[in-house]
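Student: Based on what follows, work out the 3D shape:
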Amino acid sequence: MPLKKIERNVHTERRIWKLENISETFAKVDLYRKKLLVDPVYETCFFSTKFQDHDIDWYVKLKFRRNELKGGINIFFDAVKKFQPNNHVTCNFYLVDADKNKFFMGRKNRKYDSMYHYYPETDRSTFCTLGQLPNTKDKLLPNNTMTLLIELIIYLDENPIFPIEEIEYEIEPVVNLDNISNLYPLKDGGDVKIYVQDVEFSVHETVLKTRCPESYQIFARHQQMSGNNDNQLVLTDIKPEIFERVLEFIYTGKVKDLDDYAESLLEAASQYGLTGLKYMCEFSLADNYLTYKNSKKIIKMAFRCGAVELRLNANKLRNNSSMTLMDYSVTRSGTLIETRPSGKKEMCKNRFKKDIPKGIRIVPY
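Tutor: Numbering: from 1, shown residues only. Predicted structure coming up:
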């Protein structure tokens with residue numbers, strides 16, 4: 001049975017933040033490192049949103065740092081002051097390159113409720129190390145400018161299912177796909193014919209060899225076994241609609257409707273050694289499908305596909321949910337009853353052996 005996508009009732013706002021002369025910022029970071037100073041370099045952005053007739057001010061502060069061992073970019077994000085009404089918030093951050101490609105950098109989840117108190121600059125989240133940034137700065141940092149996409153999501157549900165916060169999604173080196181992507185609309189002119197359930201796909205052998213070495217090896221072995229050069233390959237372990245999207249990634253580095261096919265594409269990415277596609281599917285599944293109820297199934301799938309980050313986040317969700325979804329009650333005789341998310345009950349007859357949480361309810365004998 002396929003996974004069911006999470007439906008979220010949200011209000012979304014996006015802002016673009018351009019940090020010009022970014023080379024000067026990195027130069028300052030290097031200068032601090034050479035002088036063995038610990039003072040970091042800061043860049044700050046303030047922006048406002050209007051939500052339910054309330055003007056809400058936010059700030060995002062980036063902290064660039066480097067020492068003898070490593071460098072990195074940290075984030076501070078929060079509302080400038082406490083706001084009403086109370087809502088939960090997620091803020092996603094993406095690096096945008098010259099071709100408008102988005103590279104996920106990190107996120108922060110915030111819960112604003114009656115217990116929230118504002119303490120400026122206490123909420124820090126590490127994004128990525130400077131060494132992870134691709135070397136092709138003309139692509140990622142065009143015109144010496146770093147472009148950051150800030151995606152603010154305000155949840156309208158009282159108890160929303162938050163996306164996973166601590167997922168490590170690596171920024172891949174920007175591969176020059178200009179020549180390859182131009183071939184995608186013309187892929188019918190490819191010199192390799194691949195048949196998937198009687199559907200013919202025409203692929204360029206050079207593209208297959210460059211972008212998908214493992215698939216090319218399958219093709220090369222097939223040629224050797226067949227003893228001819230018919231340049232044909234039959235695949236029986238994938239559906240045509242999934243293979244079409246695999247080709248879209250191979251040629252363009254993107255999949256337009258990836259979220260709707262992430263489960264099947266993760267299997268395909270693992271099978272054909274497409275690391276970039278696998279990361280994208282892990283990210284999509286963790287964000288749009290992972291719940292406590294399906295976490296066991298996702299853990300098994302992640303283990304099978306070598307999706308390490310997805311498996312770690314599914315395990316983390318199970319561990320956290322085992323506490324947050326625990327239901328407590330106590331009988332008049334003082335027996336504490338723990339009901340786990342699985343429905344399993346555990347009873348503690350002597351209530352003084354275990355702290356009883358606040359808000360418990362009295363139930364009959």
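Student: Residue ranges in the stretch 201-350 of the chain under the pLDDT threshold?
Tutor: Counting by pLDDT under 70, the low-confidence segments of the stretch 201-350 of the chain come to 219-230, 320-336, 338-344, 346-350.
Student: Going along the chain, name the strands of it.
Tutor: If you assign secondary structure with DSSP state E, counting those that start in this stretch, the strands in the stretch 201-350 of the chain sit at 232-235, 327-331, 336-339, 345-348.
Student: Check which residues of stretch 201-219 are buried.
Tutor: When burial is assessed from 16 or more other CB atoms under 10 Å, stretch 201-219 yields the following buried residues: 201, 203-204, 207-208, 211-212, 215-216, 218-219. Heads up, the C-betas are built off the backbone N, CA and C, glycines and all.
Student: Tyr272: what's it in contact with?
Tutor: For Tyr272, the contacting residues are 212, 214-215, 246, by CB atoms under 8 Å, 6 or more residues apart in numbering.
Student: Redo these as a markdown table? Include distance to Ile298.
Tutor: A markdown table is the format used below for the contacts of Tyr272 (distance: CB to CB, whole Å):
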| residue | distance to Ile298 |
| --- | --- |
| Cys212 | 25 |
| Glu214 | 24 |
| Ser215 | 26 |
| Val246 | 21 |
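Student: follow-up on the earlier one: right, and out of the buried residues of stretch 201-219, which lies closest to Ile153?
Tutor: Sorting the buried residues of stretch 201-219 by how near they are to Ile153, with CB to CB, puts Arg211 at the top with 32.8 Å.
Student: Ignoring the adjacent residues along the chain, who's closest to that closest one?
Tutor: If the residues on either side of it in the chain are set aside, Arg211 comes closest to Ile250, at 4.7 Å by CB to CB, 6 or more residues apart in numbering.
Student: Which elements pack onto the helix or strand where Thr147 lies?
Tutor: Secondary-structure assignment from DSSP states H and E places Thr147 in strand 146-155. Using 3 or more CB pairs under 8 Å, 6 or more residues apart in numbering; DSSP states H and E as the contact criterion, the elements in contact with strand 146-155 are strand 10-19, strand 41-51, strand 54-66, strand 88-96.
Student: most neighbours per residue, which of these?
Tutor: When neighbours are counted by mean count of other CB atoms under 10 Å, the highest per-stretch mean among those falls to strand 88-96, a mean of 20.
Student: Just the buried positions in the helix or strand that that strand is followed by, please.
Tutor: Using DSSP H and E, the helix or strand that follows strand 88-96 towards the C-terminus is strand 102-111. For strand 102-111, the neighbour count (16+ other CB under 10 Å) marks 103-110 as buried.
Student: Just give me the closest of these to Ala262.
Tutor: Distance from Ala262 was checked for each of the buried residues of strand 102-111 by CB to CB. The minimum falls on Phe104, at 14.3 Å.
Student: Quickly note the distance from the closest residue to Val308 other than its chain neighbours to Glu267.
Tutor: For Val308, the nearest residue in space outside its immediate sequence neighbours is Ala302; the separation is 7.5 Å by CB to CB, 6+ apart. Remark: distance between Ala302 and Glu267 (CB to CB, to the nearest Å) = 11 Å.
Student: for Gly253, same thing?
Tutor: Applying CB to CB to Gly253 and Glu267 gives a distance of 19 Å.
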